[in-house]
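Q: sequence and predicted structure, then a few things I'm wondering about:
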There are 2 protein chains.
Amino acid sequence: MAGSGEVRNIPAYTIPSANRQVALVNRPGGIPQREDFALRKTSIPEPGPDQFLVRNIYLSVDPAQRGWAQTEANYSNPVQIGEVMRALAIGVVVKSRASTIREGEFLYGSFGWQDYAVADSPKILLRAEYPIPLEQHAALLGIPGLTAYLAFTGLGHPKPSETVLVSTAAGAVGSMVGQIAKLSGCHVIGLTGEDAKVTKCLTDFGYDRAFNYRSADLGVVLDESAPNGINIFFDNTGGMILDTAIRNMAVGGRIIQCGTASIAAWSPPPIGPRNEREILTRRLIWSGFIVLDHFARFQEAAAKLVEWYLAGKIRCETDIANGIEHAPGAIAALYSGQNRGKSLIFIG
Amino acid sequence: MAGSGEVRNIPAYTIPSANRQVALVNRPGGIPQREDFALRKTSIPEPGPDQFLVRNIYLSVDPAQRGWAQTEANYSNPVQIGEVMRALAIGVVVKSRASTIREGEFLYGSFGWQDYAVADSPKILLRAEYPIPLEQHAALLGIPGLTAYLAFTGLGHPKPSETVLVSTAAGAVGSMVGQIAKLSGCHVIGLTGEDAKVTKCLTDFGYDRAFNYRSADLGVVLDESAPNGINIFFDNTGGMILDTAIRNMAVGGRIIQCGTASIAAWSPPPIGPRNEREILTRRLIWSGFIVLDHFARFQEAAAKLVEWYLAGKIRCETDIANGIEHAPGAIAALYSGQNRGKSLIFIG
C-alpha cells in the first residue's frame, strides 16, 4: 500500500516489513510488571471483509489494563498468555475494507500495544477528529476525560456548594474530576500521595484544598475541610482512604468507585472494616463505574469537554514516553504514581 | 376526661390515674436486653397548645430501636438514659389542643413505649383510618410495609424476570419484599434462619426458592438458584450473607441495605472482606434506606398496599404479645428471630 496514493495526508507513515508487538508472557499476581511482557516482531496482518488496518501512533497506558491482564472475575475476559496486550491507542487507518472507515482517518480505539492492528468498527471508541491536539483524543477525550465527565455527572449528581472529595486527585482521571467539580460550583478537596502533586492540585487544577494522604492524618483533615460531610466521593483508590472517607460522608452522599489502585492484589481477598452500617445510617449511594458501559454518551461528553478545553476552562496533561520499548514497564509505573498526566507512548 | 363525652366511639378506653412507661435505664453495648429497660409509673401529662394526648393501644417493636438505644453515630439522636424508650405505637386521641387532630381519631406515630403520650402533629406517621384491621396500620402500613414497598420499588427498580434475593425473608419486612417482588414479576429467592420459616416462605409468601442460611452452603445455593446473578439484593442482615451475596450479583445489580441484623455490635468496627472491587467490576449500586426519609411517599405507598391487601394479593402477619410487661425483652427477641410476623404489644 505504501506509495499507492491511497493513504491520504499522512506522509510520514509508511508500512515497514514487520509489526512490533508487546505480548503478555506471564500472568501477573498483582500489578503487571515489566517482565510480564515481551517485545516481538510479527508480520503485518491483512484486513478481512469489514475490517481495516490501523497503524498506531500513540499507545495508551491505562489503570484498567491491570484487570485485563489478570484472571480473576472482571468486567472483560483476561488477555491470554502469548497474546498482544490489550490497550487503547490512537492510530491512522492505512487500509480499509470497512464501508464506514476511510483510509487516512485517525481513530481512538482498542488496537493493542503494537504497531499495526487489524480491527473492525466495534473496536473504535471515538474518531480522533476534534480540533484539539491528536494525543488529547486519548486524554481529554480518552478514558480519563470520558470517565471523569460521565462518572462524575452521571453518578455524582453534583449540586452547587456541595463538597467533593477526589482520591488520586492529580492523576489523569482525578485532575479532570477536580476541574469538572469546580466547574459545577462544588467545594473540592483532593488527596494525592506527593507534596509536589498537592501543589499541582492547588495551582493547576483549582482544588480548594489538597492533602498528601501519606503524611496527613486523614480523619482530622477530612473533619476540618468537610465539616458538614462529603457529598460526593470520587474514589480511584479503595483501601484505607475509602475506609476513612466513608466515615466522613454526609447523609445522602454518593460514592463513585472508579478504581481500586491502593489494593495490589485481590486474591486472597483483603479485609477491612465493614461498611454496611455506614451505607445504611448515612443513606449513601455507592456505585461502580466502568466507562465502556457508557458508549452511548461518548459524543455528548466529548462535545462538552472540547467546549471547555477550547474555552480554556479545563486542562488535561499528558506524559508521553517515546518508543514502544517503554510499554512493558508502563503499567507498573502508573500504579507507583510516576506519571504526570495521562500516560501515553509515542511510537509513530 | 373520662366520662366527659369527649372521647367518642371508644368505650373501652378510660383514663387511669397513672401512666405506665418503659424507660431505658442502661446503655446497651449491642442489642438492647430486657435488663436495659425498667417499667415505671408516672402521672398522665396534659397537652399544651397545638398538642394532643394519645392513649396507646398497640406498642410497636422495630429493629430500628436498637440504633435508637445506642450512642454511636446514627440517623437519629440516641434515647437518653432515664427517658421513655422511643417507639412507634397505634393509639387513640383522648384530648386535643391541635386544630387538625380530633379526639377519637386513631393514629400511628412516634408515641413511645407508654400508655399515654403528649405529642404534636410531626410525630404522626399515618392516620390509622384505612379499612383494614387496626393493628395492620403498624404492620402492612407500618414501618415493615412502608419500608418494603418504598425501598424495593424506589431503590430496587425491579423489572419482570429479574432475580431478587431477600435476607430475613420470613421477617416482617422481608416477607413483604418477597411478595412485592413476586407481584413485580421477579424470580424471588429467600434466605432465613429456620427450616420452619423456609417452609413459610414457600407456602405463605410465594418465594420461588427459599433456603436456611445456617445449614445451606450459601455460595453453592446462590450459584444454582441465580445462575445469571442476582439483580436485586434486599439485605436486612449484612455480615456473611452480604459477603456471599455481593459476589453473586449480576452486572448492574442493586443492593438495598435496610438493616444489619447479623452484626451484634459496631464498636469496635468488625472486619470483613473488602467489597470495593465487587462494586466496581459488577457496576453495582449499593444504597442505604431509612424509611423515615420517605415521609412524602407514605400515602402513595399506603394506598397501593391497601389495594393489594383488600384484593388478597398480599398478606402481612402480626405477632402480638399482650401486656406492656413484654416490651423490655421484645427487641432482643426480635433480633434472635423469635417473632412470627410484625411484633406488636397490645396494651389496650
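A: Right, received. Where do you want to start?
Q: hey, where'd the helices end up in the stretch 51-200 of chain A?
A: A:64-69, A:143-156, A:172-183, A:195-203 (DSSP state H, counting those that start in this stretch).
Q: dump those helices to TSV, plus distance to residue B:254 and mean pLDDT.
A: No exception for glycine: its C-beta is placed from N, CA and C like everyone else's. Converted to TSV, the helices of the stretch 51-200 of chain A look like this (distance: least, C-beta to C-beta, whole Å; pLDDT from 0 to 100):
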stretch	distance to residue B:254	mean pLDDT
helix A:64-69	23	91
helix A:143-156	13	97
helix A:172-183	24	97
helix A:195-203	34	97
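Q: who wins for proximity to chain B among the ones you listed?
A: Shortest separation from chain B across those is recorded for helix A:64-69, at 7.3 Å, computed as C-beta to the nearest C-beta.
Q: give the other helices and strands that the worst-scoring helix or strand of chain A on mean pLDDT contacts.
A: Lowest by mean pLDDT, DSSP states H and E among the helices and strands of chain A is helix A:64-69, with a mean of 91. Counting contacts by 3 or more C-beta pairs under 8 Å, 6 or more residues apart in numbering or on different chains; DSSP states H and E, helix A:64-69 packs against helix A:330-335.
Q: one more time with 7 Å, if that's ok
A: With contacts defined as 3 or more C-beta pairs under 7 Å, 6 or more residues apart in numbering or on different chains; DSSP states H and E, helix A:64-69 has no helix or strand neighbours.
Q: got the contact list for it?
A: Helix A:64-69 is touched from outside by A:24, A:28, A:31-32, A:36, A:74, A:76, A:78-79, A:85-87, A:331, with contacts defined as C-beta atoms under 7 Å, 6 or more residues apart in numbering or on different chains.
Q: and which of these is nearest to residue B:198?
A: Taking C-beta to C-beta as the measure, residue A:74 is the one of these closest to residue B:198, at 34.6 Å.
Q: that older thread, just the buried members of the contacts of helix A:64-69?
A: A:24, A:28, A:31, A:32, A:36, A:74, A:78, A:79, A:85, A:86, A:87, A:331 (16 or more other C-beta atoms under 10 Å in any protein chain shown).
Q: residues in contact with residue A:49?
A: residue A:97.
Q: and it, that one's in a helix?
A: No: using DSSP: H, G, I helix; E, B strand; the rest coil, the assignment for residue A:49 is coil, not a helix.
Q: where does chain A have low pLDDT?
A: Applying pLDDT under 70 to chain A picks out residues A:1-16, A:72-75.
Q: pretty sure residue A:81 sits against residue A:27.
A: Yes: under the criterion of C-beta atoms under 7 Å, residue A:81 makes contact with residue A:27 at 6.3 Å.
Q: and residue B:193, which of the helices of the stretch 51-200 of chain A is closest to it?
A: That would be helix A:143-156 among the helices of the stretch 51-200 of chain A, by C-beta to C-beta, at 35.0 Å.
Q: interface residues of the stretch 101-250 of chain A facing chain B?
A: Counting by C-beta under 7 Å from any C-beta of the partner chain, the residues of the stretch 101-250 of chain A close to chain B are A:238, A:242.
Q: in the stretch 101-250 of chain A, what residue is nearest chain B?
A: For the stretch 101-250 of chain A, C-beta to the nearest C-beta, closest residue to chain B: residue A:238, 4.0 Å.
Q: ok, that residue to residue A:272 distance?
A: Separation of residue A:238 from residue A:272 (C-beta to C-beta, to the nearest Å): 9 Å.
Q: more neighbours, the two?
A: residue A:238 (25 against 19; other C-beta atoms under 10 Å in any protein chain shown).
Q: list the contacts of the more buried one.
A: Taking C-beta under 7 Å, 6+ apart as the criterion, residue A:238 is in contact with A:260, A:262, A:263, B:274, B:276.
Q: how about residue A:189?
A: Contact analysis of residue A:189 by C-beta under 7 Å, 6+ apart lists A:163, A:164, A:165, A:207, A:208, A:209, A:225, A:226.
Q: quick one, what contacts the last one?
A: With contact taken as C-beta under 7 Å, 6+ apart, residue A:226 is in contact with A:163, A:165, A:189, A:248.
Q: mind doing that once more with 6 Å?
A: When contacts are counted by C-beta atoms under 6 Å, 6 or more residues apart in numbering or on different chains, residue A:226 touches residue A:163.
Q: excluding chain neighbours, what is closest to residue A:299?
A: Closest residue to residue A:299 apart from its sequence neighbours, by C-beta to C-beta, 6 or more residues apart in numbering or on different chains: residue A:126 at 7.9 Å.
Q: the one you found and residue A:108 touch, don't they?
A: Yes: using C-beta atoms under 6 Å, residue A:126 makes contact with residue A:108 at a distance of 4.8 Å.
Q: of those two, who's got more company?
A: Higher neighbour count among residue A:126 and residue A:108: residue A:108, with 24 against 21, using other C-beta under 10 Å.
Q: the more buried one bridge partners, please.
A: Using DSSP bridges, the bridge partners assigned to residue A:108 are residue A:90, residue A:126.
Q: quick check: the gap between it and residue B:40.
A: Distance of residue A:108 to residue B:40, given as C-beta to C-beta: 73 Å.
Q: re earlier: now, the contacts of residue A:238 that are in helices?
A: Among the contacts of residue A:238, the members found in helices (DSSP state H) are residue B:276.
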